[in-house]
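Asks: sequence first, then the predicted structure:
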Amino acid sequence: MQGGSEKVIEAGGTLAGGHSIADADVKYGLSVMGTVHPDRIFPNDGAQEGDVLLLTKPLGVGIVCTANRMGEAAQEAMDMAVRSMTTLNKYASEIIRKYDVHGCTDVTGFGFLGHLKEMLAKGLSAEIDSIRIPHIPESLAYADGFFLTAAAQRNRNHVGDLVEFCGVPFAVEELLFDPQTSGGLLVSMPKEDAEQALGEIAALGLPCGIVGKVVKKETQKIVVL
């Protein structure tokens, strides 16, 4: 609870009110209320043909945490997962708002592919370069060891038919379906802006990368190369 309060303060908010529940498991959650100027909203469905896709944090948090619950996660993997989860998107947001952002969402429970699908308006699709996906290094080995989550399988069932994998290993597929806790931002923006923003975001200390591009496509299937 102290950690949650500290992060609310770091984000510039105030923790007010709340209630408790008696249960066998620890539960903690917050709802956020605030105001934003209409001209400063980043739409999650504004991706445009020709944009590139910038991901500001590594994937694999869900897989690593599952391995950790089974006592199989390396300390280095958990350290990166915790660092990712405790790094606010506030800082990446402050960087990208200096550039021309067409669309933006955070990658959380629906995984990378689920949230990417939400960004693509009718007639648009995306080509993803799986080699450039930032991830926690150990997560691929854990996926191959079947440290998988039920939520990731629900994500696969939900959007799997809308994705075409081309020679991509099983572990990478799982990484792209993996639900993230406090995942990074997925940003659709012009290539020249993304390349400039990437250097600033990398300085925050977490793996990040330009992971694909938005294309016009009749089938709208996301292609992962």
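Replies: Great, that's in hand.
Asks: can you get me a residue count around residue 100?
Replies: Residue neighbour count, defined by other Cβ atoms under 10 Å, stands at 13 for residue 100. (Glycine included, C-beta is placed from N, CA and C.)
Asks: quick check on residue 127: phi, psi?
Replies: phi -110, psi 120 (degrees, to the nearest 10).
Asks: what's the nearest residue to residue 206 if we skip its chain neighbours?
Replies: Spatial nearest neighbour of residue 206, excluding adjacent residues (Cβ to Cβ, 6 or more residues apart in numbering): residue 57 at 5.4 Å.
Asks: let me know how buried the nearest residue to residue 163 once chain neighbours are set aside is, in neighbour terms.
Replies: Excluding the flanking residues, the one nearest residue 163 by Cβ to Cβ, 6+ apart is residue 222, at 4.8 Å. Applying other Cβ under 10 Å, we find 23 other residues in the vicinity of residue 222.
Asks: immediately after the strand or helix carrying residue 176, which helix or strand?
Replies: Using DSSP states H and E, residue 176 maps to helix 170-177. Later in the chain than helix 170-177, the nearest helix or strand by DSSP H and E is strand 185-189.
Asks: circling back: does anything pack onto the helix holding residue 176? Which helices or strands?
Replies: On a contact count with 3 or more Cβ pairs under 8 Å, 6 or more residues apart in numbering; DSSP states H and E, helix 170-177 meets helix 111-119, helix 139-144, helix 150-159, strand 222-224.
Asks: that helix versus helix 150-159: what angle between them?
Replies: Angle, helix 170-177 to helix 150-159, by axes from the mean of the first three to the mean of the last three Cα atoms, to 10 degrees: 80 degrees.
Asks: in CSV, could you pull the C-alpha coordinates for helix 170-177?
Replies: Coordinates of each C-alpha in helix 170-177 appear next as CSV, following Å, rounded to 0.1, in the frame of the first residue of the first chain:
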residue,chain,number,x,y,z
PHE,A,170,6.5,-20.6,-30.4
ALA,A,171,8.2,-18.6,-27.6
VAL,A,172,8.0,-15.4,-29.6
GLU,A,173,4.3,-16.0,-30.3
GLU,A,174,3.7,-16.4,-26.6
LEU,A,175,5.7,-13.2,-25.8
LEU,A,176,3.4,-11.2,-28.1
PHE,A,177,0.2,-12.7,-26.5
